[in-house]
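Asks: sequence plus predicted model, see below.
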Amino acid sequence: IEQLQVRDSMRMYNSVVERCFNDCVDNFTRKSLQKQEETCVMRCAEKFLKHSMRVGLRFAELNNLAATPDQSN
Amino acid sequence: IEQLQVRDSMRMYNSVVERCFNDCVDNFTRKSLQKQEETCVMRCAEKFLKHSMRVGLRFAELNNLAATPDQSN
Amino acid sequence: IEQLQVRDSMRMYNSVVERCFNDCVDNFTRKSLQKQEETCVMRCAEKFLKHSMRVGLRFAELNNLAATPDQSN
Amino acid sequence: MAANTDLPPGVDKEQVFGMLAMEMEYKVELFNRLAMACFNKCVDKRYKEPELTMGENSCIDRCVSKYFLVNGIIGQMLSAGQRPM
Amino acid sequence: MAANTDLPPGVDKEQVFGMLAMEMEYKVELFNRLAMACFNKCVDKRYKEPELTMGENSCIDRCVSKYFLVNGIIGQMLSAGQRPM
Amino acid sequence: MAANTDLPPGVDKEQVFGMLAMEMEYKVELFNRLAMACFNKCVDKRYKEPELTMGENSCIDRCVSKYFLVNGIIGQMLSAGQRPM
């Protein structure tokens, strides 16, 4: 179970990197990052994490609702 | 083996939902589904399943052909 | 460990096929491949493999650098 | 869709564990696909600031809600014998 | 590509099982990618009706056939030492 | 990001093996996503020839380098408590 959680966070980490690289880096004339690429990557990662947290909260709420369809008990 | 099949059908289920959500839902001014979104989702899922069944049949045919390349035996 | 490597090469194989099919085949008026589709598929697979090898080399270099951050030892 | 907590008698521990692991795997995959879909639908990809805007936040809430509804509709279709129309 | 049914002597049961599981995993992945590719190439995404049209059906049949051919070509290339041109 | 080779005392063999397997799985996934991203960014999809051009090759080298840098930045952000700005 614990290993599943480690795996999920690894996957999540890999997917933030992939997403922010794809959205922010498009110039391959040099091998170092330019300042605005770096800023873009940091904002992107921030947004992605905040988005994941918010989705996680809403998901948990709706998931709990679905798991207890009969509130009268 | 049985668990692999359960996993495959779960994945297939998750992928129909993702596909039909992406293709049919684009308006986020309300949190409930509009009538035409619902219709679109149902048709999409129907089509997706029929498509999967047809692909499954053709796949099985070609796969059997490939597994028995020498019909003279 | 060995099984992981077999799995990776299977996945890689499946992803070359998917990529080259998607990029090269767009005409479904016949069930056989046309000559130029076949040529496109072969070039695509060649390029994909050469790309993978080059990425693999660069990846290994940078990965080794990251694993030994302190060269003074 | 809902977690099954009442299992038929005679089902042994290992099977229960396997089913729970499957259920969890299913939820994780549902979450990942949903999160990706809502990020694509709701978040501005120019990344002008590190915060989610109010508009993005309410879009996300509605998006999660709608994704669950779509999940429910398709789940019902499938369990109803796959011929709803 | 084809299923290997004649195994070299001296291979034990567990290895055989592992190879069969791999083979099955490979086929499942092949099927999933093929199904996705052909859905994208052949099915109209406006979903005006729940049925596949005749045109969509014949497109799907040809698409599956062509996908197998591409799979075969690339398989041959790889087993021929990766330098076909 | 870097491989941990110095483990705390008291960690048993199986745990170490599990951690190494995870590390390997992480690297494989990183490699696959990176390779896909750089193929999309650098390689001409018309496939006019089976060789990579000089331009494509240098694009690939820079792309791998930049992907690692992005990986590092995000890794630092996360380990620094997720509030870098």
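Replies: Perfect, thanks for sending it.
Asks: where does chain A dip in pLDDT?
Replies: Residue ranges of chain A with pLDDT under 70: A:1, A:68-73.
Asks: which element is D:Met22 on?
Replies: Using DSSP states H and E, D:Met22 sits within helix D:13-42.
Asks: list the buried residues of that helix.
Replies: The neighbour-count check on helix D:13-42 (16 or more other C-beta atoms under 10 Å in any protein chain shown) flags D:19, D:26-35, D:37-39, D:41-42 as buried. Yep, even glycine has a C-beta here, placed from its N, CA and C like the rest.
Asks: residue nearest the middle of chain D, spatially speaking?
Replies: The residue lying closest to the centre of chain D (C-alpha atoms, centre = their mean) is D:Leu30, at 3.8 Å.
Asks: now it: closest residue in space, sequence neighbours ignored.
Replies: Distances taken as C-beta to C-beta, 6 or more residues apart in numbering or on different chains put B:Asn14 closest to D:Leu30, at 5.8 Å, once the chain neighbours are dropped.
Asks: which residues touch the closest residue to D:Lys48 other than its chain neighbours?
Replies: Closest residue to D:Lys48 apart from its sequence neighbours, by C-beta to C-beta, 6+ apart: A:Arg43 at 7.5 Å. With contact set as C-beta atoms under 8 Å, 6 or more residues apart in numbering or on different chains, A:Arg43 has these partners: D:Tyr47, D:Lys48, D:Glu49, D:Pro50, F:Met85.
Asks: run the last query once more with 10 Å
Replies: By C-beta atoms under 10 Å, 6 or more residues apart in numbering or on different chains, the residues touching A:Arg43 are A:Cys20, A:Cys24, D:Arg46, D:Tyr47, D:Lys48, D:Glu49, D:Pro50, D:Glu51, F:Pro84, F:Met85.
Asks: which one of those residues is nearest B:Gln5?
Replies: Here the nearest of the contacts of A:Arg43 to B:Gln5, counting by C-beta to C-beta, is A:Cys20; it sits at 36.4 Å.
Asks: wait, that closest one sits on A:Asn14?
Replies: No - at 11.2 Å, A:Cys20 does not count as touching A:Asn14 under the criterion of C-beta atoms under 10 Å.
Asks: more crowded one of those two?
Replies: The neighbour comparison of A:Cys20 against A:Asn14 (other C-beta atoms under 10 Å in any protein chain shown) goes to A:Cys20, with 25 against 21.
Asks: where's the more buried one, which helix or strand?
Replies: Secondary structure here is read from DSSP H and E; on that basis A:Cys20 sits in helix A:2-24.
Asks: just checking, what packs against that helix?
Replies: Using 3 or more C-beta pairs under 10 Å, 6 or more residues apart in numbering or on different chains; DSSP states H and E as the contact test, the elements touching helix A:2-24 are helix A:35-67, helix D:13-42, helix F:13-42, helix F:54-79.
Asks: and the shortest one, is it in reach of chain E?
Replies: No - against chain E, helix F:54-79 shows no contacts by C-beta under 10 Å from any C-beta of the partner chain, the least distance being 16.9 Å.
Asks: is that helix anywhere near chain C?
Replies: Yes - contact of helix F:54-79 with chain C (C-beta under 10 Å from any C-beta) involves F:56-57, F:60-65, F:67-69, F:71-72.
Asks: in PyMOL, select just the buried ones from those residues.
Replies: A single PyMOL command selects the buried members of those (16+ other C-beta under 10 Å):
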select buried, chain F and resi 56+60+61+62+63+64+65+67+68+69+71
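Asks: restrict the residues of helix F:54-79 next to chain C to those near chain A?
Replies: When the residues of helix F:54-79 next to chain C are filtered against chain A using C-beta under 10 Å from any C-beta, the residues retained are F:Glu56, F:Ile60, F:Asp61, F:Arg62, F:Cys63, F:Val64, F:Ser65, F:Tyr67, F:Phe68, F:Leu69, F:Asn71, F:Gly72.
Asks: how about the last one, what does it touch?
Replies: With contact set as C-beta under 10 Å, 6+ apart, F:Gly72 has these partners: A:Val17, A:Leu33, C:Leu62, C:Ala66, F:Met1.
Asks: and if you look at the first one?
Replies: Shown in contact with F:Glu56 (C-beta under 10 Å, 6+ apart): A:Phe28, C:Lys47, C:Lys50, C:His51, C:Arg54, F:Cys38, F:Phe39, F:Cys42, F:Val43, F:Asp44, F:Cys63.
Asks: swap the cut-off to 8 Å and go again
Replies: For F:Glu56, the contacting residues are C:His51, F:Cys42, F:Val43, F:Asp44, by C-beta under 8 Å, 6+ apart.
Asks: repeat that for the fourth one.
Replies: Taking C-beta under 8 Å, 6+ apart as the criterion, F:Arg62 is in contact with A:Phe28, A:Thr29, A:Arg30, A:Lys31.
Asks: which positions within stretch D:70-78 qualify as buried?
Replies: For stretch D:70-78, a neighbour-count test (16+ other C-beta under 10 Å) marks D:Val70, D:Asn71, D:Ile73, D:Ile74, D:Met77, D:Leu78 as buried.
Asks: list just the nearest of the contacts of F:Glu56 to chain B.
Replies: Closest approach between those and chain B, by C-beta to the nearest C-beta: F:Val43, at 26.4 Å.
Asks: distance of that closest one from chain D?
Replies: For F:Val43, the distance to chain D equals 23 Å [C-beta to the nearest C-beta, to the nearest Å].
Asks: same check, this time on A:Asn14
Replies: 12 Å.
Asks: residues from chain D in reach of chain F?
Replies: Residues of chain D that fall close to chain F, judged by C-beta under 8 Å from any C-beta of the partner chain: D:Pro50.
Asks: mind doing that once more with 10 Å?
Replies: Taking C-beta under 10 Å from any C-beta as the contact definition, chain D meets chain F at D:Glu49, D:Pro50, D:Glu51.
Asks: may I ask which of those residues has the most neighbours?
Replies: Among the residues of chain D next to chain F, the one with the most neighbours (other C-beta under 10 Å) is D:Pro50, at 17 neighbours.
Asks: sec struct for that residue, please.
Replies: The assignment at D:Pro50 comes out as coil when based on DSSP: H, G, I helix; E, B strand; the rest coil.
Asks: now A:Lys31. Its backbone dihedrals?
Replies: Main-chain dihedrals, A:Lys31, degrees, to the nearest 10: phi -100, psi 0.
Asks: circling back: list residues touching both of A:Cys20 and A:Asn14?
Replies: Residues touching both A:Cys20 and A:Asn14 (C-beta under 10 Å, 6+ apart) are F:Asn71, F:Ile74.
Asks: hang on, the earlier thing: are any of the contacts of F:Glu56 buried, and which?
Replies: Among the contacts of F:Glu56, those classed as buried by 16+ other C-beta under 10 Å are C:His51, F:Cys42, F:Val43.
Asks: the helix holding D:Met22 relative to helix A:2-24, how many degrees between them?
Replies: Going by axes from the mean of the first three to the mean of the last three C-alpha atoms, to 10 degrees, helix D:13-42 is angled at 20 degrees with respect to helix A:2-24.
Asks: list the contacts of A:Val17.
Replies: A:41, A:44-45, A:48, F:30, F:33-34, F:37, F:67-68, F:70-75.
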